[in-house]
Every structure is written in C-alpha cells, then in structure tokens.
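Asks: Just to be clear, the model below is a prediction. Sequence and coordinates:
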Amino acid sequence: MTKIKTKMIDLNNNNDKEEAIKEAGKALLLGDTVAFPTETVYGLGGNAMMASAIEKIYKAKGRPSDNPLIVHISDFSMLESIAESILPYAYDLMRAFWPGPITFVFKKKAGVPDITTGGLDTVAVRMPDHPVALKLIKYAGVPIAAPSANLSGKPSPTSGAHVVEDLMHKVDYIISDGDTKVGLESTVVDLSGDLPIVLRPGAITDEMINAILVENKYDIIVRQTDDAVDNDEETENIPRSPGMKYKHYAPEAEVWAYTGSSNDIMALFREIILNKIENKENSSCKIGLMIFTEDWEILNPLISEINNVSLADDNLFICLEGSINTSEFFAHQLFHDLRECDRQGCEQILIHAPHTGDMSRAILNRLNKAAEGRVIRI
Ligand code: AMP
Ligand code: MG
C-alpha cells in the first residue's frame, strides 16, 4: 500500500482546536479519511455518501468489504437523508439515547452507496456523544461512515496512540484527544424488521431499551440476536450483522477467559503460571493477567509462597481491572490492556471476565471473539 502523509492533530496540544477540527471536517467532505475520538472507541471517518472515500477506509483497515460501516450523524436532519421507514418507537429510542453509545439499523435510502453498507439494503446510524466527533461531522456537513480506527481483526483503539500504532501513513488525518470514555463499541439494534433485535451488545443494555419502550407504552420488547448464528459457519443462516462472522478484537497473544468464583479461577491461574514457569523450555514465556483487585489479593500469596520460583517481571504482566463489583472499568480497560499485553511480549493472556454488571454482556461478547471461543465457565 502506498504511504500517505498523515496529518496529526493533537487536541491536547493545539492552540486553535476549532480551526483544526474545521480543517479536518472540510477534508472529510472532499473525500479524505479522518480518525477521530468518540465516547465508545476511536473511529476512522469518511464521507458516507462518497464511494471513493469509503474505499479508502476499507483499504486502510484491511477490512472485508462485506462488513458494513456505521454512519455517524450530528443531527436528525442527516438521519432523514440516509434512512427511511423509521417507526415512531424508533424516534422514542433515539430521543432517549442519542447522542450516545447505541446504533440503530434502518432501511437505507437510495443515495447511500452500496459500499457504505456492505451491499445491504439497510444502514446503521449513530449520533456519538463526543464534542469533537459532533463538531467534526457538523463541519463536514454530511453523514460520516466510521468503523473503529484499528487494523481489521485487532483490538479497537481507545486512545490516539492506538490509532497511530495501526493507521499511521494509511489515513489522511488522525485527531487525538485522550482516552475514550466507554472503551467498547456501541450497542447495535436492528430496527429494520418487525421487532427490534440487538445485533451487538454495548453500554446501552436490553433493560435500558425496554424501560424506554415500556415508558412510552409500546407493547414491544427488544430481543438478542441468536448467538448460535454468530460462530457457526456450518449453518446456512446468514448472520444478521455481517461483522459477526469475522475474528475480531484479537491481540497477538493467545487469550483465555474464565468466569466463575475468584477462588476457583485464581487456583487455576496459579497452576497455569507455575506450569509455564517450571517448564524450563518456556522460561522466557510471559503471561498477561487481567484480573480484579480482589483476585490479586488471593493470587499474590498463592504464587509468592513458592520459594524456589521467582516471579520476576519477565514472567508476569499484571493488569488490575478495578473492583469485581463494577464492570465499567473493565470495559474501559479491555482493549487497552489486550494491546498492552502484546507490547509487553506476553504469549498468553489469562482473564477473569465479569459475568455480572451492566457491561458484562458486551465484555463477554468481545472476549468470545478475542479468545476465539476460549471463554470458559468454571
Ligand atoms: P465497527 O464499525 O467496526 O464498530 O463495526 C460496525 C458493525 O456494525 C458491523 O461489523 C456490523 O456488525 C454492524 N452493522 C453495520 N451496518 C449494519 C447493517 N446495515 N446491518 C446490520 N449490522 C450492521
Ligand atoms: Mg471494529
């Protein structure tokens, strides 16, 4: 791929932010690619109405072209230019959650190029809750297609540094503005059929969606897509959300995730760690651990009591994911820590995954793909 001269805009170190965002917005309109922060993860934007701009996005990411993009808007007038057959309950959901981390799928209008929607007759739309993203789209004046700003298959980027790592010299602009708030991609809900279906879990949960439907007196509840379709290549079922069939979010290291009690999981981690370390051939092998602070209180004495094994920094890289009672911090850190374990040269990453809390469904969904199914309940 030919190298592109990427223009860096670091908003934490910029005297005229407004002017810088305006320049990038105008460039978007004319067909450039611009990576930018949102509240979920960083996105790689292109003019959703211009096929040549969308081609550049697929090329920069190395993304399969049947994997559709989410189109980002800054106001409701943009929605009406790209989507149709929008039901009243959809407006109630949008009013309740936008701007915010939830994407809705509608029948698309003819003006939206096929390449933007991966050849589908539907379009996925979101209004992001981030001042930079909203301003950028406003300056562009057109809807902006923006998948996550990472190389296809890799963990999504939650900081400007991650975007630089993956896309430097592959895109026209990178706007960097610190860490993203949520850390996981948006919830995706299909509203193009008879009933609302969650295609991808995220920070907005089924319970939150159903609460709005009840409040507005609709006799409708949202359902989850059949997860079985997700990984089963043998079935003739076509996944409703095309992105589901690809390996995703995966670091170089092999990921193993576990749910269950802290005591059981830490006992297992102790065995795995000691086996690895005692096996001389693997003495340089490094293991990444993503565990809760409560877990570390259990594991630390378990591994330090082995007096003839020194658990030097070269063997373990420990990421503490906050308290076991909250899943938000885990979600915030997940992609960051998967990337960090790679940077530290870990061969394997052992994870205690949360199975309760608002973000747990979304986390398990991402981990299932990052771990290629190695999510084990013990
Ligand atoms: P990303 O932009 O990388 O967060 O991925 C966007 C994901 O949104 C895709 O992989 C699909 O799973 C989903 N998506 C986008 N557009 C559609 C659509 N028209 N119908 C169903 N799912 C969609
Ligand atoms: Mg993505």
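Replies: Yes, it's here. Residues are numbered from 1 along each chain as shown. Ligands and ions are numbered 1, 2, ... in the order given.
Asks: How many residues are close by the residue nearest to Val198 when sequence neighbours are not counted?
Replies: Excluding its sequence neighbours, the residue lying closest to Val198 (CB to CB, 6 or more residues apart in numbering) is Gln224, at 5.0 Å. Backbone N, C-alpha and C define where each C-beta goes, glycine included. Using other CB atoms under 10 Å, Gln224 has 13 neighbouring residues.
Asks: who's in contact with Gln224?
Replies: Contacts for Gln224 (CB atoms under 8 Å, 6 or more residues apart in numbering) come out as 197-198, 201, 206.
Asks: how much space between it and ligand 1?
Replies: Computed as CB to the nearest ligand atom, to the nearest Å, the Gln224 to ligand 1 distance reads 14 Å.
Asks: Local confidence estimate at that residue?
Replies: Note on Gln224: pLDDT of 90.
Asks: before we move on, what about the one 10 residues further on?
Replies: On pLDDT, Glu234 comes in at 37.
Asks: same deal with the one 10 residues further on?
Replies: On pLDDT, Met244 comes in at 61.
Asks: can you redo the contacts of Gln224 as JSON lines with neighbour count and pLDDT?
Replies: Below are those laid out as JSON lines (neighbours: other CB atoms under 10 Å; pLDDT from 0 to 100):
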{"residue": "Ile197", "neighbour count": "19", "pLDDT": "97"}
{"residue": "Val198", "neighbour count": "21", "pLDDT": "97"}
{"residue": "Pro201", "neighbour count": "25", "pLDDT": "96"}
{"residue": "Asp206", "neighbour count": "17", "pLDDT": "96"}
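Asks: Contact residues of this structure facing ligand 1?
Replies: 67-70, 105, 117, 120, 122-124, 147-148, 185, 188, 199-200, 241-244 (CB under 6 Å from any ligand atom).
Asks: Put the buried members of these into a PyMOL selection.
Replies: In PyMOL syntax, the buried subset of those is picked out as below (16 or more other CB atoms under 10 Å):
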select buried, resi 67+68+69+70+105+117+120+122+123+124+147+148+185+188+199+200+241+242+243+244
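Asks: In strands, which of the residues of the chain next to ligand 1 appear?
Replies: Secondary structure assignment (DSSP state E) places 70, 105, 122-124, 188, 199-200 from the residues of the chain next to ligand 1 within strands.
Asks: quick one: which of those residues is nearest Arg343?
Replies: Arg200 (27.0 Å; CB to CB).
Asks: Can you check the distance spanned by stretch 56-75, start to finish?
Replies: 25 Å (CA to CA, to the nearest Å).
Asks: Leaving out sequence neighbours, find the closest residue to Asp121.
Replies: Nearest to Asp121 is Lys108, by CB to CB, 6+ apart, at 6.0 Å.
Asks: Which pLDDT value does the model give that neighbour?
Replies: 98.
Asks: can you check Asp313 too?
Replies: For Asp313, pLDDT reads 54.
Asks: Hmm, Met290 and Leu316 touching each other?
Replies: No: contact criterion CB atoms under 8 Å: Leu316 and Met290 do not qualify, at 11.7 Å.
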